[in-house]
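Chemist: What follows is a protein structure lacking sequence information:
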C-alpha cells in the first residue's frame, strides 16, 4: 500500500503539471490581449512602410520618365541629324547623276537666269534710248530699197527720158 510519503512526489508532479498548464493558459490569454495590440501596431507599421515605398516608387518613376524624355529628345536630335546627312547624300548623288546626263546644275541655271535678266534690262534701256533713233534708221532703209533704186537707174540708163 502506498504510504502518504509516496503520494507527496506524485502530488508535486501533479501540482507542477497543473501550474505549467495554468502558465500556458495565462500566456495564451495574455497573447490574445496583447496580440490584437501587436497586430494593430504591425498594421500601422505596414501602412508607414507602404507610404514610404510608394513615395520611393513615384520618385523612381519620375526619374525614369525624365531620363526617357531626355533620351527621346536626344534620339530625335540624332535622328534629325541623320536625316539631314541622308538628305545631303541623296542630293549629291542626284546632282552627279544629272551632271552625267548633261543637265546644268541649279547654280548654273541661276547664273544663266541672272545673265538673261541683265541682258533684258540692257535691251529695255537701249530700247528707250533708241526709240528716237529707229525712225531715222527706217527712213534710210526705205531709201535703199530695191524698188526705190529702180527708177533712178532707169533715169540714168534712159538718158533723159
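Modeler: Good, I have the coordinates. Quantities reported herein were computed from a predicted structural model and do not represent experimental measurements.
Chemist: Okay, now the unreliable bits of this structure?
Modeler: Low-confidence regions of the chain, defined by pLDDT under 70, span residues 1-7, 130-161.
Chemist: Centre-most residue in it?
Modeler: In the chain, the C-alpha nearest the mean C-alpha coordinate belongs to residue 76, at 3.6 Å (C-alpha atoms, centre = their mean).
Chemist: which helices and strands sit right next to the host helix or strand of it?
Modeler: Using DSSP states H and E, residue 76 maps to helix 4-100. Here helix 4-100 is seen to pack against no other helix or strand when contacts are counted using 3 or more C-beta pairs under 8 Å, 6 or more residues apart in numbering; DSSP states H and E. Every C-beta, even on glycine, is put in place using the N, C-alpha and C of the backbone.
Chemist: What are the buried residues along whichever helix or strand comes after that helix?
Modeler: Per DSSP H and E, the first helix or strand lying C-terminal to helix 4-100 is helix 106-129. With burial defined by 16 or more other C-beta atoms under 10 Å, not one residue of helix 106-129 is counted as buried.
Chemist: quick one: helix 106-129 to helix 4-100, angle?
Modeler: Counting by axes from the mean of the first three to the mean of the last three C-alpha atoms, to 10 degrees, helix 106-129 points 40 degrees away from the direction of helix 4-100.
Chemist: hmm, who's touching helix 106-129?
Modeler: Residues outside helix 106-129 that contact it (C-beta atoms under 8 Å, 6 or more residues apart in numbering): residue 104.
Chemist: and it, how far from the chain's centre?
Modeler: The chain centroid and the centroid of helix 106-129 are separated by 44 Å under C-alpha atoms, centre = their mean, to the nearest Å.
Chemist: repeat for stretch 98-111
Modeler: Distance of stretch 98-111 from the chain centroid (C-alpha atoms, centre = their mean) equals 34 Å.
Chemist: Same question for stretch 39-51.
Modeler: Its chain's average C-alpha position is 46 Å from that of stretch 39-51, according to C-alpha atoms, centre = their mean.
Chemist: what does stretch 69-89 give?
Modeler: Centre-to-centre, stretch 69-89 and its host chain are 7 Å apart (C-alpha atoms, centre = their mean).
Chemist: What of stretch 51-67?
Modeler: 26 Å.
Chemist: Pull out the buried residues from that stretch.
Modeler: Neighbour-count burial for stretch 51-67, counted by 16+ other C-beta under 10 Å, picks out no residue.
Chemist: thinking again about what came up before, ok, the residue nearest to the centre of the chain to residue 110 distance?
Modeler: Applying C-beta to C-beta, to the nearest Å, one obtains 34 Å for the distance of residue 76 from residue 110.
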